[in-house]
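Trainee: Only the shape, not the letters, is given here:
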């Protein structure tokens, strides 16, 4: 069905699944043909069919992977070095205590 309508993200996938269960594939394909564009947005399909898709809540936040955490730590380290070097160049005595 994704070859008939634009599906750009997870919300669109959930909307399409709801739409397929609510009105059926034939109605979606007919509405897409009637709209004439190569791949209409799901909002256009819903308007054409006279239905309003439910507002799906955001899914649970994904758990970061160990690889992602290691990469983020490396990025933070690099940025920290750049910031401390930049501070030292702007304020030469900033690192020393009186």
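Mentor: Looks like it arrived, so ask away. Because the structure is predicted, anything quoted here is derived from the model rather than measured.
Trainee: Which stretches in this protein count as helices?
Mentor: 10-23, 25-35, 42-49, 66-90 (DSSP state H).
Trainee: which residues touch the third one?
Mentor: This means helix 42-49. Helix 42-49 is contacted from outside by 5-7, 12, 15-16, 19, 23, 27-28, 31-32, 34-35, 37, 52-53, using CB atoms under 8 Å, 6 or more residues apart in numbering. For glycine as for every other residue, the C-beta is placed from the backbone atoms N, C-alpha and C.
Trainee: Figure out how far stretch 17-34 is from the centre of its chain.
Mentor: Mean-position distance between stretch 17-34 and its chain equals 24 Å (CA atoms, centre = their mean, to the nearest Å).
Trainee: ok, now stretch 1-8?
Mentor: 16 Å.
Trainee: residues of it that come out buried?
Mentor: By neighbour count on 16 or more other CB atoms under 10 Å, the buried set for stretch 1-8 is 4, 5, 6, 7.
Trainee: The third one bridge partners, please.
Mentor: Same thing as residue 6. Judged by DSSP bridges, the bridge partners of residue 6 are residue 41.
Trainee: check contacts around it.
Mentor: Per CB under 8 Å, 6+ apart, neighbours of residue 6: 12, 39, 40, 41, 42.
Trainee: Let me know how buried residue 39 is, in neighbour terms.
Mentor: 13 (other CB atoms under 10 Å).
Trainee: Model confidence for the closest residue to it other than its chain neighbours, exactly?
Mentor: Using CB to CB, 6 or more residues apart in numbering and skipping the chain neighbours, the partner closest in space to residue 39 is residue 6 (4.8 Å). Residue 6 is assigned 94 on the pLDDT scale.
Trainee: again with residue 89
Mentor: Looking at residue 89, its pLDDT reads 67.
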